[in-house]
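Novice: Build the 3D model from these lines:
(one chain, ligands or ions: 1)
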Amino acid sequence: MTVLDRGPRLEDVSLENDDFAKHVPHETFALLRREAPVWWYDWPLGRGYWCVTKHADVVAVSRDTKTFTSEQGANLEDLDEEQRAARQSMLETDPPRHTRLRGLVGPPFTPRAIKAYELVLRELTAAVLDRALPLREFDFIEEVAKQLPIRVLASLLGAPDEDTDRLIDWGDRMIGNTDPELADVLSDTPESEKYRMLPFRSPASLELFEYAHRIADERRGAPTDDLVSKLVNAEIDGERLTEREFDTMFLLLVVAGNETTRQAIAHGMLALAENRDQWRRLADDPELVWTAGADEILRWSSPVLHFRRTATRDVEVGGQKIVAGDKVVIWYVSANFDEEVFADPLRFDVGRRPNPHVTFGGGGPHFCLGAHLAKLEVQVMFDALLPRLADIELLGPAERMRTNFTNALKRMPVRVTEA
Ligand code: HEM
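Specialist: Here you go, the predicted structure:
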């Protein structure tokens with residue numbers, strides 16, 4: 001065997017932002033799952049961490065919040081106590097504090113509440129498509145994938161329609177904090193130190209907080225049935241949310257609800273354009289979007305690539321000893337392609353059943369609050385879009401964001417022919 005014949009090797013594994021700039025490094029994750037499913041990674045930008053790549057281990061870590069705390073941070077960055085206090089959102093809390101916060105924000109996201117929202121989603125989707133499709137040649141991300149999730153979110157939060165562009169811009173600058181085109185200051189460079197107390201080390205978060213305060217002030221005087229009114233007026237154990245809790249909850253919803261669902265829609269369209277047989281299956285049997293297709297799009301797109309926990313005690317995962325204080329990174333994108341759970345995982349199969357993907361997390365208290373909403377958005381979008389599309393042609397490669405946190409497409413130029 002020559003050097004050229006050798007596949008990727010453990011000592012060469014790199015999971016940095018640049019390693020995701022062209023595509024998700026599926027061969028690297030396959031290697032880790034095969035040879036070192038819980039593997040110590042010497043992270044060049046801070047303290048090293050354990051990479052957890054098998055489906056069963058991602059699920060186990062997600063569900064054990066006593067052993068794997070979220071309070072030390074949910075992203076790779078090492079945070080000191082001052083940063084944690086300033087930046088912590090619900091995502092970075094453990095029960096019982098987490099339980100109280102989640103109880104406050106949860107009611108509009110239950111399956112029943114979301115089902116009742118289906119008609120609104122259908123109307124919003126039709127409006128997005130009525131505007132985009134006649135353009136014939138356009139950026140699918142800009143005109144379609146970005147538009148539905150942000151409109152849905154604005155309507156839930158009670159933000160006026162005319163503010164959606166600004167909300168998109170703030171979200172993009174935060175999630176794009178390692179992409180030179182989108183970041184105000186690259187968060188993986190020393191220049192970002194001056195923003196270390198801000199979520200995502202991004203000044204966009206300050207602008208979003210100011211915006212959130214304006215909406216909150218309006219709702220304090222005149223509550224409506226939107227989520228901001230509930231957040232500013234609600235009490236947990238007789239206490240109101242602090243300003244910091246309100247700010248970080250608002251920010252969490254804007255980022256989580258907007259930057260993720262967009263990617264599921266974008267990757268779903270890309271996968272269907274590249275797999276015409278799968279498109280035909282959905283076109284011939286529209287029910288399949290609802291019963292299996294949306295879940296396969298969610299598995300395939302894995303919009304959130306990872307989150308992080310920190311071990312609170314010495315513990316063994318996948319036969320590997322982890323020491324109290326170690327960072328543990330659960331790679332959802334790897335678990336979603338685990339060949340022990342998904343037959344032929346690199347095949348996009350809109351009829352795949354069962355499909356126990358961990359796109360919304362591996363279970364446990366942090367399981368995505370917006371999972372039912374996001375899945376319904378994907379179902380409604382493709383249910384409406386496919387009958388209206390005779391063809392879609394990619395006019396250039398889909399451009400990826402430089403980040404190892406989300407599986408993000410920035411641009412996808414297309415030409416469509418309406419049915
Ligand atoms: C395809 C779209 C989406 C994906 C892939 C996604 C993914 C995730 C993941 C992986 C988590 C962490 C789960 C865990 O730690 O166990 C999460 C949490 C969360 N998501 Fe989503 N999400 C999506 C859509 C949404 C939407 C539409 C909303 C709200 C409008 C939302 C709001 C949240 C919130 C608030 C949390 C924190 C939950 C907690 O800490 O209790 N997400 N999401």
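
Novice: C-alpha from now on. contacts and neighbour counts both.
Specialist: Fine.

Novice: May I have the phi/psi pair for L394?
Specialist: In terms of degrees, to the nearest 10, the main-chain angles of L394 are phi -80, psi 130.

Novice: let me redo that: V328
Specialist: Note on V328: backbone dihedrals following degrees, to the nearest 10 are phi -130, psi 120.

Novice: which ones are touching it?
Specialist: For V328, the contacting residues are Y49, W50, C51, V52, F68, R308, R309, T310, A311, by C-alpha atoms under 8 Å, 6 or more residues apart in numbering.

Novice: Tell me what the second one is bridged to.
Specialist: Using DSSP bridges, the beta-bridge partners of W50 come out as W40, V328.

Novice: between the contacts of V328, which is nearest G158?
Specialist: R308 (31.0 Å; C-alpha to C-alpha).

Novice: which one of the contacts of V328 sits closest to N75?
Specialist: Using C-alpha to C-alpha, R308 is the member of the contacts of V328 that lies nearest N75, at 5.3 Å.

Novice: Now do the same contact list for that closest one.
Specialist: By C-alpha under 8 Å, 6+ apart, the residues touching R308 are S70, G73, A74, N75, L76, K327, V328, V329, I330.

Novice: Low-confidence regions, this protein specifically.
Specialist: 1-7 (pLDDT under 70).

Novice: Tell me which stretches of it form strands.
Specialist: Using DSSP state E, the strands of the chain run over 38-41, 49-52, 68-69, 137-139, 235-236, 239-240, 306-311, 315-317, 320-322, 327-331, 389-394, 399-400, 409-411, 413-418.

Novice: Could you give me the buried positions within the last one?
Specialist: What it means is strand 413-418. P413, V414, R415, V416 (16 or more other C-alpha atoms under 10 Å).

Novice: Turn those residues into CSV, columns for distance to D338.
Specialist: Formatted as CSV, the buried residues of strand 413-418 follow (distance: C-alpha to C-alpha, whole Å):
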residue, distance to D338
P413, 31
V414, 32
R415, 34
V416, 34
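
Novice: Among the contacts of V328, which one has the most neighbours?
Specialist: In terms of neighbours by other C-alpha atoms under 10 Å, the contacts of V328 top out with V52 at 29 neighbours.

Novice: Point out the residues in the stretch 151-300 of the chain that sit beside the ligand.
Specialist: Applying C-alpha under 6 Å from any ligand atom, we find that the stretch 151-300 of the chain lies next to the ligand at L153, L252, L253, A256, G257, T260, T261, A264.

Novice: In helices only, show me these.
Specialist: Taking DSSP state H as the definition of helices, these contribute L153, L252, L253, A256, G257, T261, A264.

Novice: Thanks a lot, see you next time.
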